[in-house]
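# Pasted the sequence and its predicted model underneath.
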Amino acid sequence: MILGQAVVMLLIVAVLVAVAVIGKKRDKARAARMESEGKLSDQQASVPEKKATSGCAWAGLIFVVLCFVVCVATPDRPSTPRRSYQRHASIAPVQADNSFEVEYRVTSNGGIGNITYSNESGGTSQLSSANSPWTHKFSAEPGSFCYVSAQNTSAGGTMRVEIRIDGVVVEQSESAGPHVIATASGYY
């Protein structure tokens, strides 16, 4: 960040120097033209020329100093970190390649109807019914999206879904009542 600010400062200084040089050349050319046309009297030629660019040079110098002070006094702002999903800290990978075991578990004291879940390939799978407890295990890589949702088919009861990573419950949901749905999801 400071390198970028230094480059901007150098560009500003270069522009101000160029303006001053061009103004000086323009003033000399005007004086020479007026002298050759005889428009300057002997008194005007002997009086030192008032420098029109000196005010601009001072203003430019003050501007550069202020920019430098602002650039140096402004601390670097840390960039906003991207949101990342990380596995639970207590979960250690089982294999050296950082893959881990995902287990979906669905339990109900009523009937289990539709179960929808993300599978090993990252796609979605669905079952129309299952016996309680229902489980599904597969191996996944860090950053995988895991999702399981199940619906109670009975007129009452409790539906519970869990996502386990290497045997540890990392996400769970429970619903009670007729035909309720429980859902759990996350990136791991």
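Cool, the structure landed.
# show me where this structure has strands.
Counting by DSSP state E, the chain has these strands, from start to end: 100-108, 112-118, 124-127, 134-140, 145-152, 158-165, 168-176, 181-187.
# which residues sit against the shortest one?
Counting contacts by CB atoms under 8 Å, 6 or more residues apart in numbering, the residues outside strand 124-127 that touch it are 114, 115, 116, 117, 118, 119, 134, 147. Glycine gets a C-beta too; all of them are placed from N, C-alpha and C.
# if we go to 7 Å?
114, 115, 116, 117, 118, 119 (CB atoms under 7 Å, 6 or more residues apart in numbering).
# so where's the chain shaky on pLDDT?
Within the chain, the ranges that satisfy pLDDT under 70 run 1-6, 9, 16, 39-61, 64-96.
# Longest helix in the chain, please.
Under DSSP state H, the helix in the chain containing the largest number of residues is helix 2-36.
# What is that helix packed up against?
helix 53-73 (3 or more CB pairs under 7 Å, 6 or more residues apart in numbering; DSSP states H and E).
# Which parts of the protein belong to which domain?
2-73, 100-187 (automatic domain parsing).
# Now mean neighbour count too, for these, in JSON lines please.
Shown next, in JSON lines, are these (neighbours: other CB atoms under 10 Å):
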{"stretch": "domain 2-73", "mean neighbour count": "12"}
{"stretch": "domain 100-187", "mean neighbour count": "17"}
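# returning to what we had before: now, among the contacts of strand 124-127, which is nearest to residue 36?
For the contacts of strand 124-127, the minimum distance to residue 36 (CB to CB) is 87.3 Å, reached by residue 118.
# Would you mind listing the residues in contact with the closest residue to that closest one other than its chain neighbours?
Spatial nearest neighbour of residue 118, excluding adjacent residues (CB to CB, 6 or more residues apart in numbering): residue 147 at 4.4 Å. When contacts are counted by CB under 7 Å, 6+ apart, residue 147 touches 117, 118, 185.
# okay, these in TSV with distance to residue 11 next?
Converted to TSV, the contacts of residue 147 look like this (distance: CB to CB, whole Å):
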residue	distance to residue 11
117	57
118	52
185	50
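# which of the residues you listed lies closest to residue 157?
Once CB to CB is applied, the member of the contacts of residue 147 that ends up nearest residue 157 is residue 117, at 20.4 Å.
# quick one: contacts for the nearest residue to that closest one once chain neighbours are set aside?
Closest residue in space to residue 117, ignoring its immediate chain neighbours: residue 148 at 4.4 Å, by CB to CB, 6+ apart. By CB under 7 Å, 6+ apart, the contact list for residue 148 reads 104, 106, 117, 161, 163, 184.
# Need the max-distance pair from these.
106 and 163, at 10.6 Å, using CB to CB across the contacts of residue 148.
# Turn the contacts of residue 148 into JSON lines, columns for distance to residue 154.
Below are the contacts of residue 148 laid out as JSON lines (distance: CB to CB, whole Å):
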{"residue": "104", "distance to residue 154": "21"}
{"residue": "106", "distance to residue 154": "14"}
{"residue": "117", "distance to residue 154": "21"}
{"residue": "161", "distance to residue 154": "16"}
{"residue": "163", "distance to residue 154": "23"}
{"residue": "184", "distance to residue 154": "20"}
